[in-house]
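Chemist: here is the input, now give the coordinates:
(one chain, ligands or ions: 4)
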Amino acid sequence: MIDLHTHTTESDGTYSPAQLVEAAVDIGLEALAITDHDNFSGYELAAPLARAAGLDLVCGIELSTRMPRTLARHGRSVHILGYFLNEPPSDGYQQWLRQIQEARRDRNRRLVQSLNSLGVEITLEEVEAAGGHMTGRPHFAAILLKKGYVKDYQEAFDVYLDESAKAYVQRLEPGVPEGIHRIRSGNGLAVVAHPFRLNIRDHAEEEKFIRWMRDEGLQGIEVYHTDHGPGQEARYLGYAGKLDLAVTGGTDFHGDIKPRIKLGAGLGGMAIPRGVLDNLRELARA
Ligand code: AMP
Ligand code: FE
Ligand code: FE
Ligand code: ZN
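Modeler: Ligands and ions are numbered 1, 2, ... in the order given. Predicted structure coming up:
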C-alpha cells in the first residue's frame with residue numbers, strides 16, 4: 001500500500017512531518033509522498049526521519065492554478081501536483097515559489113481586512129501563528145471556529161471563505177499552463193490532482209480539458225483519490241490510457257481537520273497499487 005498525496009502542519013494538515021512518518025510506518029505504508037501546498041518544508045523535515053525508519057518518502061508539492069477564463073464558468077482553481085522536485089528544484093523554480101508565497105501573504109492581509117470590515121475580530125499575526133510556513137484559508141476557518149463566529153469548519157467556508165462567500169478575496173494564482181511548465185522546468189513531474197474537483201460535469205468537456213492540459217505538458221492524472229468512487233476511478237483510468245498519462249493516487253490526508261480521511265486508505269478500502277510509483281519513477285528517469 002502506498003499514499004502519494006498527504007499534507008503536514010507545514011501546510012494545512014494537522015500531523016507534523018514527524019507524526020506523519022510515524023503514522024505511515026505504523027500502518028505499514030510502503031511509500032509516502034508529502035505534497036504540501038506551495039512549499040517543501042514538510043518533506044525536508046520528514047526526509048531524515050523517513051530514511052532512519054526505512055520508509056520510502058517521495059517529494060511532492062501541490063500548487064493551485066487558475067482555469068482559463070473561457071472555462072471559468074466551471075469555477076474553481078485547478079490543483080497540480082509536482083513530484084520529484086527534490087533533485088533539487090532549479091533556482092528559477094524556488095524563486096517562483098517565493099513569489100507565490102508572497103502573493104499568498106498579500107491575500108491573507110486583504111482577507112483579514114475583509115473579515116474585519118464584516119465585524120470579525122482577527123489579526124494577521126494570529127492566523128500566521130496558526131499557519132506557519134503556509135497560512136491558508138483552512139487556518140482562517142480554524143480561528144473563526146475557535147472564536148465562535150461559526151459552528152463548524154465547513155460553515156466558515158460557506159459563510160466567509162469560499163469563492164462565493166462574503167469575505168472572499170482573490171489571490172494572484174498562476175494559470176494552469178504556467179503551473180505545469182514551472183514544475184517541468186524545475187525537473188518535476190506534473191500531475192492533475194483530484195480531477196473530479198474540476199467540477200466539469202459533462203464527460204466530453206472534462207476529457208477535452210484534461211487533453212488540453214496534456215498538450216500543455218501534463219504527465220499524469222490522480223486516478224485514485226478519496227473523492228473518487230468506482231465510477232470516477234474507471235473514467236480517469238480510461239483517460240489515462242487514452243491520453244497516455246501516468247496514473248497516480250493518494251488519499252489527500254490532512255489529519256484531524258478532515259477526520260474521515262485515513263492515511264493510505266481514504267474513506268476505507270482505497271489500496272493504491274505499488275506499481276503506480278514504480279511507473280512514475282521510470283517516467284521521471286526517462
Ligand atoms: P488557500 O490556498 O489558502 O486559498 O486555501 C485553499 C484550501 O482551502 C483548499 O486546499 C481546501 O483545503 C480549503 N477549501 C477551499 N474551499 C473550500 C470549501 N468550500 N470548503 C472547504 N474547504 C475549502
Ligand atoms: Fe489542503
Ligand atoms: Fe487539492
Ligand atoms: Zn491536497
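Chemist: rest of the way, CA atoms for contacts and neighbours
Modeler: Fine.
Chemist: residues contacting the residue of the stretch 1-150 of the chain found nearest ligand 1?
Modeler: Relative to ligand 1, the nearest point of the stretch 1-150 of the chain is G136 (3.1 Å; CA to the nearest ligand atom). By CA atoms under 8 Å, 6 or more residues apart in numbering, the contact list for G136 reads S11, D12, R104, N108.
Chemist: who in the protein is up against ligand 1?
Modeler: G136, R137, P138, Q154, F157, D162 (CA under 6 Å from any ligand atom).
Chemist: filter those down to just the ones in helices.
Modeler: Members of those lying in helices (criterion: DSSP state H): R137, P138, Q154.
Chemist: give me the nearest residue to the second one, chain neighbours excluded.
Modeler: It refers to P138. Using CA to CA, 6 or more residues apart in numbering and skipping the chain neighbours, the partner closest in space to P138 is D12 (6.5 Å).
Chemist: before we move on, what about the first one?
Modeler: Once its chain neighbours are removed from consideration, R137 has its nearest residue in L161; the separation is 6.8 Å (CA to CA, 6+ apart).
Chemist: could I get the pLDDT score of the one you found?
Modeler: According to the prediction, L161 has pLDDT 96.
Chemist: and V223, helix, strand or coil?
Modeler: strand (DSSP: H, G, I helix; E, B strand; the rest coil).
Chemist: what's it in contact with, if anything?
Modeler: Neighbours of V223 in contact, by CA under 8 Å, 6+ apart: H194, P195, Q232, E233, Y236, L237, V247, T248, G249.
Chemist: buried stuff in stretch 59-79?
Modeler: Across stretch 59-79, burial judged by 16 or more other CA atoms under 10 Å covers 59-67, 75-79.
Chemist: no wait, stretch 234-246
Modeler: Y236, L237, Y239, A240, L243, L245, A246.
Chemist: returning to that earlier point: dump the ones in helices among the residues of the chain next to ligand 1 into JSON lines; add pLDDT, neighbour count and distance to V176 as well.
Modeler: Shown next, in JSON lines, are these (pLDDT from 0 to 100; neighbours: other CA atoms under 10 Å; distance: CA to CA, whole Å):
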{"residue": "R137", "pLDDT": "95", "neighbour count": "21", "distance to V176": "21"}
{"residue": "P138", "pLDDT": "92", "neighbour count": "21", "distance to V176": "23"}
{"residue": "Q154", "pLDDT": "92", "neighbour count": "16", "distance to V176": "27"}
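Chemist: turn these into CSV, columns for distance to A18.
Modeler: Output for those, formatted as CSV (distance: CA to CA, whole Å):
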residue, distance to A18
R137, 24
P138, 21
Q154, 28
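Chemist: T6: what's it in contact with?
Modeler: Applying CA under 8 Å, 6+ apart, the residues near T6 are L32, A33, I34, T35, D36, G250, T251, D252, F253, H254, L263.
Chemist: tell me how far the fourth one lies from G175.
Modeler: Distance of T35 to G175, computed by CA to CA, to the nearest Å: 19 Å.
Chemist: neighbour count for the two, which is higher?
Modeler: Between T35 and G175, counted using other CA atoms under 10 Å, the more crowded position is T35 (28 against 16).
Chemist: this completes my enquiry, with thanks.
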